[in-house]
Every structure is written in C-alpha cells, then in structure tokens.
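[1] just the structure for this:
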Amino acid sequence: QVQLAESGGGLVQPGGSLRLSCAASGSIFSMDTMGWYRQAPGKQRELVASVTNGGRINYANSVLGRFTISRDNAKNMVYLQMNSLKPEDTAVYYCNFVIKSSLLSAYVGYWGQGTQVTVST
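    As a prediction, this is how the structure comes out:
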C-alpha cells in the first residue's frame, strides 16, 4: 500500500508565492513519473506539471515560467514552487506518483488527498 501526503497550500495574494510538497510512503520499489494536477470548482482536473524519472519536465501552458516542479528521489518527494500566482490558479492541487510496489508488480498511479490553494485579495 502506498500513501501520498501533501502540504503547503493556503491563501495568498495575487503575485505571491507558495511551495507545495508531496511525500510518498509505504511499499515503494521504484517510481516513474511524479506530477501535480489541479481542479477548480466546476472544472475538470488538469495537469499542472510533471517530471519523469529521467528528468523530463512538462508544464501546462498556463503556468509556464511561473511554476517549477522538482523531485527528490532519495526522499520520495515532489515539490511545486509557484510564483507570480494569479486568481485563476485557485484550485485544489493533487500530487500523483506512478509507483511500482514490488519487482513483479505493474506501475500504478496514486493520488494525494489534495491541498487547497486560494489566490485572492
């Protein structure tokens, strides 16, 4: 069993910054892609940023140049540094890890519980 724990959300004014963290624990043999998604009220969940085990990074166009994703494999963690935040960045942010729990198991995607980010005056 694998658990993901997110932290770092909150209320921030437009133009401000937040750093989200997500840690994985449990039965982890290897990890592939780590990513951050977000879901605003009334909208579908969308990819914000992802980073593969090989270091390839992908960003949504809406956050390019403002957000930075990074991972620490030794700590089983992924981070999302969010700068120049805008009201339209308001959403629940979810981390997603693609993890193999044992040598013979398949890679499975796991989700965190979500953390609220609100950008408002």
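[2] Leu11 bridge partners, please.
    Counting by DSSP bridges, Leu11 forms beta bridges with Thr118.
[3] these two touch, right, it and Thr115?
    No. Assessed by C-beta atoms under 8 Å, Leu11 is found out of contact with Thr115, at 11.9 Å. Every C-beta, even on glycine, is put in place using the N, C-alpha and C of the backbone.
[4] which of these two has more neighbours?
    It is Thr115, of Leu11 and Thr115, that has more neighbours when counted by other C-beta atoms under 10 Å, with 21 against 12.
[5] quick check: pLDDT value at that one.
    Note on Thr115: pLDDT of 97.
[6] now swap in Leu104 and tell me
    For Leu104, pLDDT reads 92.
[7] so it belongs to a helix, correct?
    No. Leu104 is assigned coil when assessed by DSSP: H, G, I helix; E, B strand; the rest coil, not a helix.
[8] distance check, it against Arg56.
    Counting by C-beta to C-beta, to the nearest Å, the separation of Leu104 from Arg56 is 26 Å.
[9] next: Lys43.
    Lys43 is 26 Å from Arg56, by C-beta to C-beta.
[10] quick one: contacts for the spatially most central residue of the chain?
    What sits nearest the mean C-alpha location of the chain, by C-alpha atoms, centre = their mean, is Trp36, with 2.6 Å. Contact partners of Trp36, counting by C-beta atoms under 8 Å, 6 or more residues apart in numbering, are 20, 22, 47-50, 69, 78, 80, 93-96.
[11] got it, and Val117?
    9-10, 12, 18, 20, 38, 82, 85, 89-93.
[12] can you say which of the residues you listed are buried?
    For the contacts of Val117, a burial check counting by 16 or more other C-beta atoms under 10 Å picks out 9, 12, 18, 20, 38, 82, 85, 89-93.
[13] what residues are up against the residue of the chain positioned farthest from its centre?
    Centroid-distance maximum for the chain: Leu104 at 26.6 Å, with C-alpha atoms, centre = their mean. Contact analysis of Leu104 by C-beta under 8 Å, 6+ apart lists nothing.
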